[in-house]
Each structure stands twice: as C-alpha cells, then as structure tokens.
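any chance you could fold what I've pasted below:
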Amino acid sequence: MEPGDGELTPNREKPYVAGGGGDGDGRDGEDRLNALPNDILVHILLRVGTGGAARTSVLSRRWRHLWYLLPELDFGPEADAHSIRAALAAHESPSLRRLLVRAADVGPRRIAEWLPVAARRLAGDLFLVNSMKDSELIEQGTFLELPCFGSATSLSLELGFLGLAVPPSGVFARLTNLSICGVHFHGPCELGDAVSSPQFPSLKKLTVLSAHRMNNFNIHSNSLVEIVLHGIGLQQLNVVAPALELLDVNCHFSDGSVQSQPVANISAPKLEILRWSTTNLDQSSVNFGKMSYLKGLFIAYFYVYGEEDRNHDCLRLLQHVQFDAIPRLSILLTYFPTINGDIYLMEDMTVLPDIVFLNLIFSSSGHCIGPSLFHVLRMTTGVRRLKLELHNHYKREFCGSDCVCDLPPNWTSEELVLNSLREVQITNLRGTENEFAVVERLFSWAAVLKQMTINFHNSITVSTARELCEMLLSFSRPEISMKFYINQGSRKVLYVPED
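Numbers count the residues shown, from 1 in each chain. Below is the predicted model of the structure:
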C-alpha cells in the first residue's frame, strides 16, 4: 500500500529532532532523547497523535515499534479499515485505555473488519463517529453486529444511521457508560433486554439518541443511575431500575398494532431528576411508581392553547406528584402561532407540588405570556426562586391586535402575593410591550424581592440596553439589586447603566 492511501506506515524522510543530529544523536555526541525510558517517550508520542507517532518509527531501530506501546489511539477519516485493524493487532501496550475512530461514509462491513479486534484489546473508552453524507452508500439489509467488549469501560457509537444488532449473549463486565446515536436497530435481540443486568452488570449511564426500529424498550437493571432516551419512536417503555437517579425521556409513542396500546411503566424509587417529554401517550397508560427522592421535575410540552386532550400526559404526571415537595419544577409552556378558535388549556392545571425553584420556559410565538404565568404563580405562592426563559421561534415580536392571548385579563388586575419570592432571573428579554407588562406585574406581586437578573436577547445592542435598563429600573425599588447582562460575541457580560 502506498503512503497517503490510509496506511499508517511512515514515510522515509527523517524528521528533525530538536537537540539531535541526523541519527538522533545530540550535538555533543550524547543521545539524550534515546536515553529516556520508554514510558517518558510514550508520553511524548501521545502529544503528537497516532499518525505522528507512527512516523517516528523511521528514527532508529528502537523507535520502530515504540508507538505500538501507546495507551491511546486515534484514527481520522483517512485511515482505512485495514490499517486500523493492523494497528490494533500490533498494539503492545498492557492497556489500551482510549480508542477514537472518525470515519466518513463507511458501511457496516468496513467497521466490522476492525471492531472485533478492538473489542478484545480495549480496556477503556471507545469513541466511534461515522458521518454518513450519502445514505445511498449504505447497502440495503446490512448491519453491524456489536461484539462483546469484555474489558471496555465506555462505548460511544455515532453510526450515521447504520444498522446495528446488539449481542444476545456475552458479558460487558466493566462497561459503565453506553451511548448510541443514529442507528437502525436489528433484531432479534431488543436493546433493553441486552443491556439488562445479566449482560451489563456495571452499567451506570445509558444514552440512546435518534434510534429507529426500537419499538419496545424494556429494561431491568440494578446498576443503572442515568437513562437518556431522545428522538425515539416507542410503543412500550418499561423501566425497573432500583438505583436510577436521572431519567430523561423525549420520545414519540405510536400504536404498533390494533391490539396493543402505547404504555409506559416506570419503577425507580430513588429517582431524583425526571425530564419527561412525550407525545401520543394516553394518560391512562402511564404508570409512575413512588418517587420519594425526586428533587427536579421537567415537563414538556404543556400547550397553553389547543385541543381539549392535548396535555393529558403532562397533567397525569403533575397529578402524580401534586402532594410532594419538589425543590425544582421546570415546565415548557408552548403557544401555537395561531390560537384564535383554540381552547385555553391552562385551567386544566389545577394543582402543583410544593416547590422552591420554579423554572418556566415559554415558547411564545410572539403571544402574551401574562395569563399563563399568572395562572402558574397563583398555585405556587411559596416559590423562592423564579426563572423565566423567553423563546420566540416564530420570529415575530407580537401577534395581531385581534389575538386572544392576553385573556383572561385577571393577571392585569388581580393582586397576587408572593411573600417568599426573593430572586427572579429572566433570559432572552427583547423589551417588547408584552414582556414589560409582565415584568412590571412581577415587581408588584413580589413584595420581598431582593434580586432580579436580566439577560437580554443577543439582538439587543448597548444603546438599546441603556434604554431598556432605564425602563426596568423605573419599575424597581431601592432594596432590589438589579443586574443586567448583554451579549458580546459568544459571551454574556455584565452591563452597568450609566448614572
């Protein structure tokens, strides 16, 4: 194989070595570099990467196989499957602690050439990133069989939507972290069955993103502490995890057959953080076990206007925790761009748990958020910290004059007493009329407020910020500490208005 076509064999030009002569000797005749022990030289080679380390084999006989001792190997898209396999086969380090492979438009057969060798050698972390720019290059019906990594501690697979089959047997004894992104799962073994305790006894964190053909996820694990499931179409979700502390689900549920209804059962008695965002899941088919240790709950999406049954999933979860004390509650409140003719759904939210920190994320589409904010706050009058995140993905500052979004009008007239609220943070403030109306009411409701922090939207210039600060300070009181932040490049910096 010729140099430059993926082969790691170094070229024959000897690199210049600082402090050495043409043969690696020092200018005073002493070979100082070669006098160093192997572990020091290997540490130096780690700095130049696998390709650079391989090219040092031309320096002398001692250097010829020194790079085989590297405990970490990384390969870019220019390295073909044969050269990766050869490098892994020749590897002589007692422990391969890290393997990084970045590929481009590579199919399952090419990856299968070296992956089993890696499974036998690896005693640490594998990062495989395959960027598929042309899906037509994937041979229909082909898939990658995941070998058993008996000694690896972490697997991160981004496959560009290649087919993947998980092994029905074999023990991943030391694996603590498994992350799978962009795959089409192939049977007969289901992922949940495979990663349950008998095969993955040490697994702590499981992440699955953008996966197809994963209709059922049923897992029983005594070791899992964190589960993240995003961008997956499911029919069944069954989790039994006595040690689980974080569950993050953002999935769409669909009917797989006429006889089977989408269902979710969660048994995680030590759960501390729950992020739940599902669609098409009927409230009667969701069962959450006791969650006595819950510290944070994130719910998305709660629609402010829409069809009558749109928020059933969210409401069932809120009802499940309504009598609990939860330190932090986050709710994503969503508005459709056009809401005239839709039902106002906030009245369906009748009770919320006892909370300390309330985080409300608004996807407003330019609508007024005052009524929905007022509705939530009057059920959480004991809240101490409030954060409002303002997002307007519809790219309009306000809706039409005939819009009903400012109804019911009680938020502008009724008094609300928030005697525990000490701190308010608002992000992405643009300074619209609707936003200022909300901020002014907050000052009125929070009689003991001590601090308000405003992070302006990245479109706000310094001159505009000066004007907005003047208006905001006119609403404030002397005992309230006001802090303002503007964007400078990618950083948020403190803005101090001139006196």
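
pLDDT score for A79?
The pLDDT attached to A79 in the predicted structure is 89.

revised request: answer the last question for A104.
At A104, the model reports a pLDDT of 92.

so it makes contact with V129?
No: the pair A104 / V129 is not scored as a contact, 9.3 Å apart, by C-beta atoms under 8 Å. No exception for glycine: its C-beta is placed from N, CA and C like everyone else's.

looking at these two, which is more packed in?
Shown here are A104 and V129; by other C-beta atoms under 10 Å, V129 has more neighbours (17 against 14).

and the more buried one, that's in a helix?
No: read with DSSP: H, G, I helix; E, B strand; the rest coil, V129 is strand and lies in no helix.

pull the contacting residues for it.
For V129, the contacting residues are V101, R102, A103, E158, by C-beta atoms under 8 Å, 6 or more residues apart in numbering.

give me the number of residues near S463?
By other C-beta under 10 Å, the residues close to S463 number 7.

so it: helix, strand or coil?
Classification of S463 using three-state DSSP returns helix.

how near is the closest residue to V263 other than its chain neighbours to Q235?
Leaving aside its chain neighbours, V263 sits nearest to S285 (4.4 Å; criterion: C-beta to C-beta, 6 or more residues apart in numbering). Applying C-beta to C-beta, to the nearest Å, the value for S285 to Q235 is 11 Å.

which stretches of the chain have low pLDDT?
Applying pLDDT under 70 to the chain picks out residues 1-38, 40-67, 134-140, 255-262, 282-284, 394-398, 499.

okay, now the residue lying closest to P337 once chain neighbours are set aside: neighbour count?
Nearest residue to P337, sequence neighbours excluded (C-beta to C-beta, 6+ apart): S365, at 4.5 Å. By the criterion of other C-beta under 10 Å, S365 has 20 neighbours.

is it true that S365 lies in a helix?
No: counting by three-state DSSP, one finds S365 to be coil, located in no helix.

how close does it get to L390?
The gap separating S365 from L390 is 12 Å, by C-beta to C-beta.

quick one: which helix or strand includes E440?
Element membership for E440 (DSSP states H and E) is helix 433-445.

got the CA positions of that helix in CSV?
Extracted as CSV, the C-alpha positions of helix 433-445 are listed here (Å, rounded to 0.1, in the frame of the first residue of the first chain):
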residue,chain,number,x,y,z
GLU,A,433,-44.6,45.7,25.3
ASN,A,434,-45.9,42.3,26.4
GLU,A,435,-42.7,41.5,28.2
PHE,A,436,-42.5,44.8,30.1
ALA,A,437,-46.1,44.4,31.2
VAL,A,438,-45.2,41.0,32.7
VAL,A,439,-42.0,42.4,34.5
GLU,A,440,-44.0,45.3,35.9
ARG,A,441,-46.5,42.9,37.4
LEU,A,442,-43.8,40.8,38.9
PHE,A,443,-42.5,43.7,40.8
SER,A,444,-46.0,44.3,42.2
TRP,A,445,-46.5,40.7,43.2
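
how far off centre is that helix?
Using C-alpha atoms, centre = their mean, to the nearest Å, the distance from the centre of helix 433-445 to the centre of the chain it belongs to is 33 Å.

buried stuff in it?
Of all the residues in helix 433-445, those buried under the rule 16 or more other C-beta atoms under 10 Å are N434, E435, F436, V438, V439, R441, L442, F443, W445.

what number of residues lie near the nearest residue to the last one once chain neighbours are set aside?
Nearest in space to W445, with sequence neighbours left out and distances taken as C-beta to C-beta, 6+ apart, is L416 at 4.3 Å. The burial metric for L416, expressed as a neighbour count using other C-beta under 10 Å, is 15.

what do you get for G341?
For G341, using other C-beta under 10 Å, the count is 7.

looks like V424 contacts Q451 (just checking).
Yes: using C-beta under 8 Å, V424 is in contact with Q451, at 7.4 Å.

which helix or strand contains G231?
strand 226-234.

strand partners (parallel or antiparallel) of the helix or strand that comes right after that strand?
Scanning forward in sequence from strand 226-234 by DSSP H and E, the next helix or strand is strand 236-240. Strand 236-240 pairs in its sheet with strand 216-220 (parallel), strand 263-267 (parallel), by DSSP bridges.

got the angle between strand 236-240 and strand 226-234?
If you take axes from the mean of the first three to the mean of the last three C-alpha atoms, to 10 degrees, strand 236-240 sits at 160 degrees to strand 226-234.

which residues touch strand 236-240?
With C-beta under 8 Å, 6+ apart as the criterion, strand 236-240 contacts 192, 215-221, 227, 229, 247, 249, 251, 253, 260, 262-268.

run the last query once more with 10 Å
Identification of contacts with strand 236-240 by C-beta atoms under 10 Å, 6 or more residues apart in numbering yields 192, 196-197, 215-222, 224, 227, 229, 247, 249, 251, 253, 256, 260-268, 271, 278, 281, 285-287, 289.

stretch 183-191 now?
Contacts of stretch 183-191 (C-beta under 10 Å, 6+ apart): 108, 138, 141-146, 157-169, 178, 180, 196, 199, 206, 208-219, 232.

separate out the buried members of these.
108, 138, 143-144, 146, 157-166, 178, 180, 196, 199, 206, 208-209, 211, 214-217, 219, 232.

helices of the stretch 151-300 of the chain, start to end?
191-194 (DSSP state H, counting those that start in this stretch).

G141 should be in a helix, yeah?
No: counting by three-state DSSP, G141 is not part of a helix but coil.

OK, contacts around the closest residue in space to it that isn't next to it in sequence?
Distance criterion C-beta to C-beta, 6+ apart; nearest residue to G141, sequence neighbours excluded, is G163 at 7.9 Å. G163 sits next to 107-108, 138-145, 183-186, 212-213 when contact means C-beta under 10 Å, 6+ apart.

give the pairing partners of the longest strand seen in the chain; include direction for each.
When the chain is parsed with DSSP state E, its longest strand is strand 154-165. Next to strand 154-165 in the sheet, as set by DSSP bridges, lie strand 122-131 (parallel), strand 144-145 (parallel), strand 177-186 (parallel).

tell me who's in contact with R385.
By C-beta under 10 Å, 6+ apart, the neighbours of R385 are 327-328, 355-359, 420-425, 451.

what's the separation between it and L421?
Using C-beta to C-beta, R385 is found at 8 Å from L421.

over to A104?
From A104 to L421 the distance is 53 Å (C-beta to C-beta).

in a strand, I426, correct?
Yes: the assignment for I426 by three-state DSSP puts it in a strand.

what sits against it?
The neighbours of I426, taking C-beta under 10 Å, 6+ apart as the test, are 386-390, 435, 438-439, 442, 452-456, 472.

list the buried residues of stretch 172-182.
Buried positions in stretch 172-182, judged by neighbour count with 16+ other C-beta under 10 Å: F172, R174, L175, T176, N177, L178, S179, I180, C181, G182.

go on, stretch 354-367?
Those would be 355-367, for stretch 354-367 by 16+ other C-beta under 10 Å.

excluding chain neighbours, what is closest to I84?
I84's closest residue in space is W114 (C-beta to C-beta, 6+ apart), at 4.4 Å.

er, A173 actually
What sits nearest to A173 in space, not counting adjacent residues and going by C-beta to C-beta, 6+ apart, is G150, at 5.8 Å.

which SS state does the one you found fall under?
Criterion first, three-state DSSP; result for G150: coil.

what's the burial count for it?
With other C-beta under 10 Å as criterion, G150 counts 15.

close enough to count as contact, it and A118?
No: if you go by C-beta atoms under 10 Å, G150 and A118 don't touch, sitting 11.8 Å apart.
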